[in-house]
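Novice: the sequence and its predicted three-dimensional model are supplied below.
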Amino acid sequence: MGNKTAIITGITGQDGSHLADLLLEKNYRVIGIVRRISTEPPSRMRRHLWDKVTQFPGDLLDSVSIENAINEFQPDEFYNLAAQSHVGMSWKQPELTSAIDYFGVLNILKAIKLLKPDTRFYQASTSEMFGKVEDEFQNEKSRFYPRSPYAVAKLAAHWLTINYRESYDIHASCGILFNHEGPRRGKDFVTRKITLHVAKHKLGKTDKPLELGNLNSMRDWGYAGDYVRAMWLMLQQDEPDDYVIGTGKSHSVRDFVNAAYAAIGISITWQGEGVDEKGYDSTNGKLLVQVNPKFFRPAEVDLLRADSSKAREKLQWEPEVTFEDLVSMMVEADLKEESN
């Protein structure tokens, strides 16, 4: 198992840092392609990873840097986790989102085909590609109906990866991952926004209500640490393929809020509907949550729920962390961070 070399793009993100942890445990040499964004190592990596990973300066939009990385390190595996991955931001920066999330993938696939066609490639696809769903559960055969510039770009990259696999016999697999979170999630994502606010409330750092968009939006939430195992397993298979990865259980944003406040011993009572819905502390009646229409998306994805039976059967993959444990883990981590 040892002595393999893997390149990871997006290594400074949530998934990238978890994947680097996993690969280092398996004695890989791990190369992280990093954009020069500052002189300090990123927060998700500073504590334990930065000194164990080889950093290579590069950018998905600079094809020469990708080619240089493949030439220099001759990777056995290449995991593309880099993306403009914030759905809301994709409406504000649609061109940048398309460039990174589609043309960046094209640059990698071209480089692999040209320089090391036996490199095994992982593309991070997303459940957002399903968008406006018709089925109660989504699997590899479900219809795609993307509802944001992010989802459209990701779907194009998904089909591009399949195209290169079928045209050039590249071992390229796509992981259609449903929402996955954890303490390393960026603070601009709704789950981390919730747990960080709850931690600050507990510590008396804020008395303002938490403002959110669509409380009825349903997502299949799992733990990022579980999901990177699935990525690795895909590249260990004899044949490349695409896999849906999720828990099979969906919860609303409201459920997430309830679980986060429950983690600090607070029960919420909800009143009103739509934009007028508010959440109050059941004990003292204090306003804790309210809806702000500015957080609504132009086109909403109402329900996502994974059917990952193929991954469970072929990869022998199972999620280990429950929804409640995930939320508690995130709240505890934010309490610890905010206490320092």
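Specialist: Structure's in. What do you need?

Novice: now the helices for the stretch 151-300 of the chain?
Specialist: Ranges of helices within the stretch 151-300 of the chain are 190-202, 224-234, 253-262, based on DSSP state H, counting those that start in this stretch.

Novice: can you redo the ones you listed as TSV with distance to Arg305, mean neighbour count and mean pLDDT?
Specialist: In this view, the C-beta of every residue, glycine as well, is placed from N, C-alpha and C. TSV is the format used below for the helices of the stretch 151-300 of the chain (distance: least, CB to CB, whole Å; neighbours: other CB atoms under 10 Å; pLDDT from 0 to 100):
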stretch	distance to Arg305	mean neighbour count	mean pLDDT
helix 190-202	17	22	96
helix 224-234	16	23	98
helix 253-262	13	21	97
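
Novice: among those helices, which is nearest Ile66?
Specialist: Nearest of those to Ile66, taken as CB to CB: helix 224-234 at 19.1 Å.

Novice: can you list contacts of that closest one?
Specialist: 14-15, 18-19, 21-23, 26, 79, 122, 124, 173, 175, 177, 180-182, 184-185, 240-241, 243, 245, 311, 315-317, 319-321 (CB atoms under 8 Å, 6 or more residues apart in numbering).

Novice: could you do stretch 331-340 as well?
Specialist: Applying CB under 8 Å, 6+ apart, the external contacts of stretch 331-340 come out as 183, 192, 195-196, 198-200, 202-203, 205, 260, 263-264.

Novice: equivalent analysis for stretch 288-302, please.
Specialist: The set of residues external to stretch 288-302 that reach it, using CB under 8 Å, 6+ apart, is 87-88, 91, 128, 130-133, 147-148, 151, 201, 209-218, 257, 261, 266, 268, 274-281.

Novice: what residues of it count as buried?
Specialist: Across stretch 288-302, burial judged by 16 or more other CB atoms under 10 Å covers 288-291, 301.

Novice: where does the stretch 1-150 of the chain dip in pLDDT?
Specialist: Of all residues in the stretch 1-150 of the chain, those with pLDDT under 70 make up the ranges 1-2, 37-47.

Novice: against Thr269, how distant is the most far-flung residue of the chain relative to its centre?
Specialist: Ranking residues of the chain by C-alpha distance from their mean position (CA atoms, centre = their mean) puts Asn284 at the top, at 36.5 Å. Distance of Asn284 to Thr269, given as CB to CB, to the nearest Å: 11 Å.

Novice: work out which residue lies at the spatial centre of this structure.
Specialist: Note on the chain: the residue nearest the mean C-alpha position is His180, at 5.5 Å, using CA atoms, centre = their mean.

Novice: which residues touch that one?
Specialist: Applying CB under 8 Å, 6+ apart, we find His180 in contact with 15, 221-224, 226-227, 245.

Novice: most widely separated two among the residues you listed?
Specialist: Greatest spatial distance among the contacts of His180 (CB to CB): Asp15 and Trp221, at 14.4 Å.

Novice: ignoring the adjacent residues along the chain, who's closest to Ala164?
Specialist: Check again: residue 164 is Tyr, not Ala. Nearest-residue entry for Tyr164: Leu109, 4.6 Å, with adjacent residues in sequence omitted and distances by CB to CB, 6 or more residues apart in numbering.

Novice: what's the host helix or strand of the one you found packed up against?
Specialist: Element membership for Leu109 (DSSP states H and E) is helix 104-115. Using 3 or more CB pairs under 8 Å, 6 or more residues apart in numbering; DSSP states H and E, the elements in contact with helix 104-115 are helix 63-73, strand 77-80, strand 120-126, helix 149-168.

Novice: output these as TSV; include the columns distance to Val327.
Specialist: Converted to TSV, the helices and strands packed on helix 104-115 look like this (distance: least, CB to CB, whole Å):
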stretch	distance to Val327
helix 63-73	37
strand 77-80	27
strand 120-126	21
helix 149-168	24
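
Novice: okay, the ones you listed, which one's buried deepest?
Specialist: Mean neighbour count (mean count of other CB atoms under 10 Å) peaks for strand 77-80 among the helices and strands packed on helix 104-115, with a mean of 26.

Novice: got a list of contacts for the next helix-or-strand element following that strand?
Specialist: Counting by DSSP H and E, the next helix or strand C-terminal to strand 77-80 is helix 87-92. With CB under 8 Å, 6+ apart as the test, helix 87-92 has contacts from 84, 97, 128, 148-151, 153, 188, 295, 297-298.

Novice: could you dump those residues to a markdown table with distance to Val53?
Specialist: Output for the contacts of helix 87-92, formatted as a markdown table (distance: CB to CB, whole Å):
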| residue | distance to Val53 |
| --- | --- |
| Gln84 | 22 |
| Thr97 | 26 |
| Glu128 | 28 |
| Ser148 | 31 |
| Pro149 | 31 |
| Tyr150 | 27 |
| Ala151 | 30 |
| Ala153 | 27 |
| Asp188 | 24 |
| Phe295 | 35 |
| Arg297 | 35 |
| Pro298 | 38 |
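
Novice: tell me how far the ends of stretch 276-296 are from each other?
Specialist: End-to-end distance of stretch 276-296: 14 Å, with CA to CA, to the nearest Å as the criterion.
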